[in-house]
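Undergrad: Here is my input, please return the structure:
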Amino acid sequence: MIEDVVHGWASLDAAAPGYLKAKHYYEGDVDEVFSSVRIRAAIAETGLRYRFNLAKTPVETLADRVELVAVTAPDQASISERIEEVWDANDMDVHYPDLILRTFEFGDGYLGVFPLEQEDDEAQDDPEAVAAGVEIVYHSPLNNRMIYDPENGRRKLFFIKRWPVFRPGVEEPLWRVDLWYPDMVERWISKTGGDLKRAEGWQEYTEPDEDGADWELVNPFGEIPFFHHRNALPYGKPVHFAAYGCQDAINKSLITQLTTMDSHGFPQRYRLIDQDSATEGGAPGPDFPDDADAATGNGSLVGGEGTGLRGGPGTMLELVGKGSVGQFPAADPTVFLDPASFYVRLMAQLTSTPLHYFDPSGEVPSGESLKVADAPLTKSAERAHVMLRGTIVETWSFILRLLGVQVDRLDVRWAPAQVATGTDDWNVIETKQRAGVPQHQTLVEAGYESEQVMAWLDQEGEAMDLARRLALLNTMADAIQKLGAGVGLGVIDEATAQQIIAQIVPQTMPAPGTEEAS
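TA: Numbering: from 1, shown residues only. All right, here's what the predicted structure looks like:
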């Protein structure tokens, strides 16, 4: 509908400034902020080459913690293999990290999924994707947007996709727009000189070899084949949004400090004239011996006549008619560097990014201190896992339907947001195990994948390694010896002692002939 074109275009235009701002701050391409127009005119150009891009740190730090490992179908090995085939054919080990990074940069990101067949022209350069049967493509939120029902934010109304069409000899491009609905696709193109905010600025689009009525196409998929990845609802927010103001302040402090740095090497000097001294005529200087290191006067005038002033090591410089000389002190660097450090700390606080990621040269916490410092970042990564999981499941369920595969359930596997690495971490794990917490549970809590832990342990997940079995055997031997001593002292009779041993041994030792007993 033409109303949807206008609505979708307006929604794209309204969101574009925020996305562009996020892009500029992520790339460090932002101008210095001036409160005075006069100062801007005087020194703005001196800061163009200086870039202190710290605002990208929260984005990249969080993206490094949100690593998608795999999508699998539990207990359906053949389907998991099919997913892996499509994954490898589309290089998702490369594209998923980039999608997650861009999603955190802008707050939103889209994947488009389409079947790919041998006869498709665009398929000729990608035989692996043809073999897999599916092509997965990233779409930037700058020119793509999912529009939701205002009465029900969970329901997709349509997806708008736009791109410019350049014509020979014409500077202003026309704009092509596709509207994707669950049942159809509408194709539109802007009119030359038309107002894109009004219905009159648009017309239906068809290819030159198509009939004019073919501007509407049937959507054969029964749903919109674009999938919205985001870090908030209904639309996301750049991870570094709260860092914008701090980045401006850091730029201001450091650029101003660098601008004044020349004053440290070449300070501005002054000389004051003595009102009581005669300035007429050049007074002759003292009779200096020849000195190759002495610098003679350069024809400067005092009282209208040239001077014989000389300067250099071992010489004396006499000024006529001057009361005093001096120089203005350069600005103290700490006046700029101390506030910049404060704004870096403030940026870390506002973006929930540990401070040591902004200053890796400083003292990095370790052990329990590192875990506490990283806790906000770890929590942000776990929230991102939850926000992205639903869209990832939706994407791969759709991919499998395109391939004619029915799946009961999909599992999204993430790399752990935090992994035990320090001595303190492992001491805690060992203490938990001694207290009776199963090895599998403690290793999963340490940040290792459950499947990997199961591969390390026996199939039961509770089987003990040789060292623990030997320790248990020693404990049992000690207990039996003490029971024997009790029988000898008459504290307990032999039949009772044998009954106790008969009850304990089967519970603690594997049954003969089992894999655990071997």
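Undergrad: other SSEs contacting the longest strand seen in the chain?
TA: For the chain, the strand reaching the highest residue count under DSSP state E is reported as strand 152-167. Counting contacts by 3 or more C-beta pairs under 8 Å, 6 or more residues apart in numbering; DSSP states H and E, the secondary-structure elements packed against strand 152-167 are helix 2-27, strand 144-149, strand 170-180. Every residue, glycine included, has its C-beta placed from N, CA and C.
Undergrad: okay, the ones you listed in JSON lines with mean neighbour count next?
TA: Converted to JSON lines, the helices and strands packed on strand 152-167 look like this (neighbours: other C-beta atoms under 10 Å):
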{"stretch": "helix 2-27", "mean neighbour count": "16"}
{"stretch": "strand 144-149", "mean neighbour count": "19"}
{"stretch": "strand 170-180", "mean neighbour count": "16"}
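Undergrad: Make a markdown table out of the ones you listed and add distance to Leu258 and mean pLDDT.
TA: Rendered in a markdown table, the data for those read as follows (distance: least, C-beta to C-beta, whole Å; pLDDT from 0 to 100):
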| stretch | distance to Leu258 | mean pLDDT |
| --- | --- | --- |
| helix 2-27 | 20 | 94 |
| strand 144-149 | 40 | 96 |
| strand 170-180 | 39 | 91 |
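Undergrad: His228: which of those is closest?
TA: Using C-beta to C-beta as the criterion, the shortest distance between His228 and the helices and strands packed on strand 152-167 is 4.6 Å, found for strand 144-149.
Undergrad: From the contact counts, what lies against the closest one?
TA: Using 3+ C-beta pairs under 8 Å, 6+ apart, the elements in contact with strand 144-149 are helix 2-27, strand 152-167, strand 226-230.
Undergrad: Can you pull the poorly scored residue ranges out of the stretch 351-500 of the chain?
TA: Within the stretch 351-500 of the chain, the stretches falling below the threshold (pLDDT under 70) are 360-362, 367, 420-425, 445-447, 449-452, 456-473.
Undergrad: what do you get if the cut-off is 50, keeping everything else the same?
TA: Where the stretch 351-500 of the chain drops to pLDDT under 50, the residues are 459-464.
Undergrad: that older thread, of all the helices and strands packed on strand 152-167, which lies closest to Leu62?
TA: Shortest distance between Leu62 and the helices and strands packed on strand 152-167, using C-beta to C-beta, is found for helix 2-27: 12.4 Å.
Undergrad: just checking, what packs against the closest one?
TA: Applying 3+ C-beta pairs under 8 Å, 6+ apart, one finds that helix 2-27 makes contact with helix 56-65, helix 92-106, strand 144-149, strand 152-167, strand 170-180, strand 184-190, strand 202-204, helix 244-259.
Undergrad: quick one, which of those is nearest to Ile79?
TA: Nearest to Ile79 among those is helix 92-106 (16.3 Å), distances taken as C-beta to C-beta.
Undergrad: so which helix or strand takes in Glu135?
TA: Glu135 belongs to strand 134-139 when elements are defined using DSSP states H and E.
Undergrad: follow-up on the earlier one: could you list the paired strands of the longest strand of the chain along with their orientation?
TA: The strands that strand 152-167 pairs with in its sheet are strand 144-149 (antiparallel), strand 170-180 (antiparallel) (by DSSP bridges).
Undergrad: by how many degrees do it and strand 134-139 diverge?
TA: Interaxial angle of strand 152-167 relative to strand 134-139 (axes from the mean of the first three to the mean of the last three C-alpha atoms, to 10 degrees): 80 degrees.
Undergrad: Kindly reformat the strands paired with strand 152-167 as CSV containing distance to Val66.
TA: Converted to CSV, those look like this (distance: least, C-beta to C-beta, whole Å):
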stretch, distance to Val66
strand 144-149, 21
strand 170-180, 28
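Undergrad: who wins for proximity to Pro115 among those?
TA: The minimum distance between Pro115 and those falls on strand 170-180, with 15.0 Å, by C-beta to C-beta.
Undergrad: now the closest one: how far from the chain's centre is it?
TA: Counting by C-alpha atoms, centre = their mean, to the nearest Å, strand 170-180 is centred 32 Å from the centre of its parent chain.
Undergrad: picking up where we left off before, need the helices and strands packed on helix 2-27 in JSON lines with distance to Arg82, can you?
TA: Written out in JSON lines, the entries for those read as follows (distance: least, C-beta to C-beta, whole Å):
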{"stretch": "helix 56-65", "distance to Arg82": "28"}
{"stretch": "helix 92-106", "distance to Arg82": "14"}
{"stretch": "strand 144-149", "distance to Arg82": "27"}
{"stretch": "strand 152-167", "distance to Arg82": "26"}
{"stretch": "strand 170-180", "distance to Arg82": "26"}
{"stretch": "strand 184-190", "distance to Arg82": "27"}
{"stretch": "strand 202-204", "distance to Arg82": "39"}
{"stretch": "helix 244-259", "distance to Arg82": "44"}
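Undergrad: And the protein, what are its domain boundaries?
TA: In the domain annotation for the chain, the residue ranges read 2-19+76-98+108-240, 269-327, 466-508 (automatic domain parsing).
Undergrad: Burial-wise, tell me which of these comes out on top.
TA: domain 2-19+76-98+108-240 (a mean of 16; mean count of other C-beta atoms under 10 Å).
Undergrad: what about that one, start to end distance?
TA: Taking C-alpha to C-alpha, to the nearest Å, the span from the opening residue of domain 2-19+76-98+108-240 to its closing residue is 36 Å.
Undergrad: same deal with stretch 347-354?
TA: Using C-alpha to C-alpha, first and last residues of stretch 347-354 are 10 Å apart.
Undergrad: tell me which residues in that stretch are buried?
TA: Of the residues in stretch 347-354, those buried by neighbour count under the rule 16 or more other C-beta atoms under 10 Å are Met347, Ala348, Leu350, Thr351, Ser352, Thr353, Pro354.
Undergrad: what residues does that stretch touch?
TA: When contacts are defined by C-beta atoms under 8 Å, 6 or more residues apart in numbering, stretch 347-354 is touched by residues 54-55, 57-58, 61-62, 239-240, 242-243, 246-247, 250, 355, 357-358, 373-374, 376-377, 379-380.
Undergrad: can we see that at 10 Å?
TA: Contacting residues not belonging to stretch 347-354 are listed as 54-55, 57-62, 239-247, 249-250, 355-359, 364-365, 370, 372-380 [C-beta atoms under 10 Å, 6 or more residues apart in numbering].
Undergrad: Of those residues, grab the buried ones for ChimeraX.
TA: Under the burial definition 16+ other C-beta under 10 Å, those of the contacts of stretch 347-354 that qualify are selected in ChimeraX by:
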select :54,55,57,58,59,60,61,62,239,240,241,242,243,244,246,247,249,250,356,357,358,370,373,374,377,378,380
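Undergrad: What residues are bridge-paired with the closest residue to Arg154 other than its chain neighbours?
TA: Nearest residue to Arg154 in three dimensions, chain neighbours excluded: Tyr148, at 7.6 Å (C-beta to C-beta, 6 or more residues apart in numbering). In this entry, Tyr148 is beta-bridged to Lys156, by DSSP bridges.
Undergrad: What helix or strand is the nearest residue to Arg65 once chain neighbours are set aside located in?
TA: Take Arg65 and drop its neighbours on the chain: the residue closest to it by C-beta to C-beta, 6+ apart is Ala381, 3.9 Å away. Secondary structure here is read from DSSP H and E; on that basis Ala381 sits in helix 367-402.
Undergrad: how about that helix: buried residues?
TA: Within helix 367-402, the residues that qualify as buried are 370-371, 373-374, 377-378, 380-382, 384-385, 387-389, 391-393, 395-396, 398-400, 402, counting by 16+ other C-beta under 10 Å.
Undergrad: circling back: quick one, which of the domains of the chain gets closest to Tyr343.
TA: Across the domains of the chain, the minimum distance to Tyr343, taken as C-beta to C-beta, is reached by domain 2-19+76-98+108-240, at 13.8 Å.
Undergrad: tell me the mean pLDDT over stretch 274-294?
TA: Averaging pLDDT along stretch 274-294 yields 54.
Undergrad: my bad, stretch 233-251
TA: Stretch 233-251 shows an average pLDDT of 92 in the prediction.
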